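Enquirer: My questions concern the predicted model and sequence given below.
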Amino acid sequence: MLDVGTGSGVLALAALARGVRRATAVDTDPDAIRVARANAALNGFHTRLQLIVGDAASVRGRWPVVLANVLPAPLIEMAPALVQRVGHGGRLVLSGVPDSIAADVERVYRRLGMRQLQADVRGGWSALLFAPSW
């Protein structure tokens, strides 16, 4: 799985704890990568988590699951790169989206060939699940 905007690494670490064999996590903040590295070591996942300073465009390849828990403006800005990282039959999960603008974010990803499978709203925040249309 690919965790974009990893912050503390919690989403990647949770995926590893749930059985994902390897994860790659990226963040533009070097301090976030240091924290994620420390958290991976504390939880015994340091050999299974690759950490990269950068963004979705900084990595190559495709993943079966791509997660991005960042603010809406960056989600929209990096939409083309995120869509390119989703493998055939893969899933893209976007969170950190205020419900009031979730439709705007959804529209951008639909234009890039993604189809929305699900939207969960809790406390005014949305998590959007997409799959490639191709």
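Expert: Now that the structure is in, tell me what you want to look at. Numbering: from 1, shown residues only.
Enquirer: Give me the residues contacting the lengthiest helix in the chain.
Expert: In the chain, assigned by DSSP state H, the helix with the most residues is helix 30-42. Contacts to helix 30-42, defined as Cβ atoms under 8 Å, 6 or more residues apart in numbering, come from residues 6-10, 12-13, 25, 27, 46, 48-49, 51-53. For the C-beta atoms, the positions are set from N, CA and C on the backbone; glycine is no exception.
Enquirer: Buried subset of these, written for PyMOL?
Expert: In PyMOL syntax, the buried subset of those is picked out as below (16 or more other Cβ atoms under 10 Å):
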select buried, resi 6+7+9+10+12+13+25+27+49+51
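Enquirer: picking up where we left off before, may I see the buried residues of the longest helix of the chain?
Expert: 32-33, 35-36, 39-40.
Enquirer: what's around the closest residue to residue 124 other than its chain neighbours, how many residues?
Expert: Once flanking residues are discounted, residue 124 sits nearest to residue 99: 5.2 Å by Cβ to Cβ, 6 or more residues apart in numbering. By the measure other Cβ atoms under 10 Å, the count of residues near residue 99 is 13.
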